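*Asks:* Quick one, structure for this:
(one chain, ligands or ions: 1)
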Amino acid sequence: MCVLFTSLNLYCEVHHIRMDSKYASVGVGNNLKSNGLKRKHAVENIKVKKIKLSNDNVNKTNNVKVETNGHDNIKESKVVKETVQDLQEARRQLPVYMVRNRLLEEIKKNDTMILIGETGSGKTTQIPQLIHEQRLEGAGTIAVTQPRRVAAITIAMRVAAEMNTDIGSIVGYSVRFEDVTSPRTKVKYLTDGMLLREAILDPLLKKYSIIVLDEAHERTVSTDVLFGIVKLAQKERADKKLNPLKIIIMSATMDVDTFRKYFHNCPVIYLEGRTFPVTIYHSKMKQDDYQYAAVCTIFQLHATTPANHDFLVFLTGQEEIETVMYNIKQIAKEATGPPIRVCPLYAGLPAAKQLQVWREAPPGTRKIILATNIAEASVTIPRIKCVIDTGVVKERTWSGGTGAERLAVRAGSQAAGWQRAGRAGRTQPGAAYRLFTADDFRSRPLHQTPEILRCPLASTLLLLIAAGAEPSTFPLIDTPPPDSVKASLTLLKELGAIDSEVNPKLTVIGKKMSTFPIEPKYSKVLLSAPEYNCLDEMLSLIAVLSSENVFHTPMHKREEAIKVKQKFLSPLGDHITLLNVFKAFCKAPLKKQWCKENYLNHKNLTYACEVRQQLLAICHKLNLTVSSCGQAYDQVLKCLLCGLFTNCAWQRGGAAGGAGVAGRYVTAAGAAAALHPASALHAARPAPPVLLYTELLSTSRTYMLTVSAIQPQWLHQVAPEYARRCRANR
Ligand SMILES: Nc1ncnc2c1ncn2[C@@H]1O[C@H](COP(=O)(O)OP(=O)(O)OP(=O)(O)O)[C@@H](O)[C@H]1O
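*Replies:* So this is what the prediction gives:
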């Protein structure tokens, strides 16, 4: 087991000042040529403001103090919690804090500005605090958006601690299903999706006097839409002589040219310097198996570094994280080095479990965090000394034409590489081990493709229309493919959410749909459920469908896991099977143990319970009657069809094809699709003539995921107009 690295220490000096650089992706390192970032994207001939840092008072203190007993015996170390003084001292060392007066001047002067500063320099935690200390927000509130909920929560907590105040008072956060703010809140961290939801109620976002759009490089659909919303809100507020809106766009690695053009050539402020260096290592040779390479690297480092050096490993998804976690635990039994605590971190993990990553491990124990790109930007996980970057990311792309999604593991962008490396070097000097070569890194695109160019747009368009915008004229940085927009508008029209595809307005049902933070097809299902007397079942089912896979099929116990799954299987298909699982989980007294015995994922089922609670609260607000249809599962499937009627597939050659063509279907859009081998219906004979699928996924073939058998006439009963069109087209 050996992975060879070449050391490319990009830090010639720790507190570097680049007086000549106009390049946005400052990332880590001061040598633009050697880190592969060319200046071809530099903004030429613009008024670039540079804030120069002084090295004088830069003092490398770690704000988690480790008291040792005089020698290097880590096991006997005592971790001391940060006091208010410690926190203030740590603040003073941050590059942003050191140039606060200059920065505040710029903020006062400009209505809109772009701020570029290295990872960990203090943009997210300090800028809003500094603004508030000067009361620049006036009577309004400062909103700071984050692409991910875990970042919004942990940063708000950090800022509240630095300001020595309770979370939810002056500093608060608002994320999907959780609002920890009060009328006193002046600094509010929130996900971009939440601000977008607020824009439905007030498109001018009048309660905010300053909006900080952080991690702009991520280009999530919600952030892209928000750029347009705040730009329009700023103009309209000025035109109507309402309270002015200040906009600050921030990142360490953004494409400045594009943003600057979009925001009327606003000033760009470059902030230089970071507190701690990060040394970058690249693999000397190409690694064919990045999971294997990651495990090798973990144990190489484990044997040679002190226990208080925690590791952060970037992987692509939950299954991969669980496999690597299993391998680490097995190898750790015989490996030399301190005890290990492995913590997963991915979007589908229940909120409380995600936050466990921020808990201190017992002294003398090494924490190894296995994360998806949820931990790539914004977050600070104290004690992370080594980042292990597999260099890959799982990316969904969607075809508006067939409605199929393609899920592929791809090489990440250079910006992602710098962001990942930037998770080290935040509370102490760090290192990033890239499991790919330097040449490979240099050949990668600078930035990833914006999400808006590759994902379904129905949810976003619904919110946009709910906020009173006209999709065809709405100012977006990048225009999504016309067939994506058309397919999404058609879907909204068919769901009854909008009155027309041209100049659309929300219908009554569309307005209700927009209050649910889930896909429109699912909110339509919930709104239809009282009619079928099954809202109780649908809440459970939609909650499970909004979570990650609840089945746990370990490679080494595959046969047994499949055998155990049989007891939940329904001949009607996967949806009722999932309902059986969820009902049994809710009844089980010792849930963790029960999940283990039944090869079910305890975390994902717990997350589904959380989601169900929140959806139920919204249903109560909308006065929907929650009742159960008992065992009348036809009702459940008909109700599901109310939202998913565009997801039907017919057996090729008709039902007469029998068992010979099992698994070969054609969707309403004309795409050939097969039943996924994991489906409860995969072995059904004769194969059901019509299926309802939840997702269509293209890998080597196009598969239907989470599927149920339906009666052909149901489609006519539930969506007669659509059924007629389908029949005419088939
Ligand atoms: N939860 C935390 N625990 C300990 N230190 C923290 C925490 N959050 C922030 N810090 C400290 O504050 C510094 C600044 O963090 P901040 O998130 O403001 O940086 P940033 O410039 O926004 O970084 P990025 O571009 O990566 O988002 C960190 O480098 C770290 O030293």
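*Asks:* Could you report the separation of the nearest residue to Lys567 once chain neighbours are set aside from Ser546?
*Replies:* Nearest non-adjacent residue to Lys567, counting by Cβ to Cβ, 6 or more residues apart in numbering: Asn598, 7.9 Å away. For every residue, glycine as well, the C-beta is placed using N, CA and C. Here the distance between Asn598 and Ser546 works out to 21 Å (Cβ to Cβ, to the nearest Å).
*Asks:* cool, Trp358 as well?
*Replies:* In this structure, Trp358 and Ser546 are 25 Å apart, going by Cβ to Cβ.
*Asks:* same check, this time on Leu572
*Replies:* Looking at Leu572 against Ser546, where the rule is Cβ to Cβ, the gap reads 21 Å.
*Asks:* How about Ile509?
*Replies:* Taking Cβ to Cβ, one finds Ile509 at 20 Å from Ser546.
*Asks:* In stretch 593-601, which residues are buried?
*Replies:* By neighbour count with 16 or more other Cβ atoms under 10 Å, stretch 593-601 contains the buried residues 594-595, 598-601.
*Asks:* What about these, which are in helices?
*Replies:* The helices, defined by DSSP state H, take in 594-595 from those.
*Asks:* In a markdown table, list the buried residues of stretch 593-601 along with distance to the ligand and pLDDT.
*Replies:* Formatted as a markdown table, the entries for the buried residues of stretch 593-601 read as follows, by distance: Cβ to the nearest ligand atom, whole Å; pLDDT from 0 to 100:
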| residue | distance to the ligand | pLDDT |
| --- | --- | --- |
| Trp594 | 35 | 96 |
| Cys595 | 31 | 96 |
| Asn598 | 37 | 96 |
| Tyr599 | 36 | 94 |
| Leu600 | 33 | 95 |
| Asn601 | 28 | 91 |
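*Asks:* of the buried residues of stretch 593-601, closest to Arg434?
*Replies:* Asn601 (30.6 Å; Cβ to Cβ).
*Asks:* How about that closest one, nearest residue that isn't a chain neighbour?
*Replies:* Sequence neighbours aside, His552 is the residue nearest to Asn601 in space, at 4.6 Å (criterion: Cβ to Cβ, 6+ apart).
*Asks:* try Cys386
*Replies:* Cys386 sits nearest to Phe311 (Cβ to Cβ, 6+ apart), 4.8 Å away.
*Asks:* Quickly check: the helix or strand hosting that neighbour near the ligand or not.
*Replies:* Assigning secondary structure by DSSP states H and E places Phe311 in strand 310-314. No. Strand 310-314 stays out of contact with the ligand when judged by Cβ under 6 Å from any ligand atom, the minimum separation being 12.3 Å.
*Asks:* Tabulate the CA atom coordinates of that strand in CSV.
*Replies:* C-alpha atoms of strand 310-314 as CSV (Å, rounded to 0.1, in the frame of the first residue of the first chain):
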residue,chain,number,x,y,z
ASP,A,310,-7.4,15.6,12.1
PHE,A,311,-8.0,14.6,8.4
LEU,A,312,-10.6,15.6,6.0
VAL,A,313,-11.1,13.3,3.0
PHE,A,314,-13.2,14.3,0.0
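*Asks:* Adjacent strands (with direction) for it?
*Replies:* Neighbouring strands of strand 310-314 in its sheet, by DSSP bridges, are strand 366-371 (parallel), strand 384-389 (parallel).
*Asks:* Columns mean pLDDT, mean neighbour count and distance to Lys188 on top of these, output as a markdown table?
*Replies:* What follows is the strands paired with strand 310-314, written out as a markdown table (pLDDT from 0 to 100; neighbours: other Cβ atoms under 10 Å; distance: least, Cβ to Cβ, whole Å):
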| stretch | mean pLDDT | mean neighbour count | distance to Lys188 |
| --- | --- | --- | --- |
| strand 366-371 | 97 | 24 | 26 |
| strand 384-389 | 96 | 25 | 27 |
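*Asks:* which stretch among these comes nearest Thr83?
*Replies:* Closest approach to Thr83 among the strands paired with strand 310-314 is made by strand 384-389 (21.9 Å; Cβ to Cβ).
*Asks:* The closest one near the ligand anywhere?
*Replies:* No. Strand 384-389 does not reach the ligand (Cβ under 6 Å from any ligand atom); its nearest approach is 10.0 Å.
*Asks:* Distance-wise, check the residue nearest to Cys386 relative to Leu349.
*Replies:* Phe311 is 18 Å from Leu349, where distance means Cβ to Cβ.
*Asks:* got it, and Thr279?
*Replies:* With Cβ to Cβ as the criterion, Thr279 and Leu349 are 30 Å apart.
*Asks:* Repeat that for Phe177.
*Replies:* Between Phe177 and Leu349 the computed distance is 14 Å (Cβ to Cβ).
*Asks:* who's more crowded, those two?
*Replies:* When neighbours are counted by other Cβ atoms under 10 Å, Phe177 and Leu349 differ, and Leu349 comes out ahead with 26 against 15.
*Asks:* returning to that earlier point: hmm, the residue nearest to Asn601 is touching Tyr599, no?
*Replies:* Yes. Using Cβ atoms under 8 Å, His552 is in contact with Tyr599, at 5.0 Å.
*Asks:* This completes my enquiry, with thanks.
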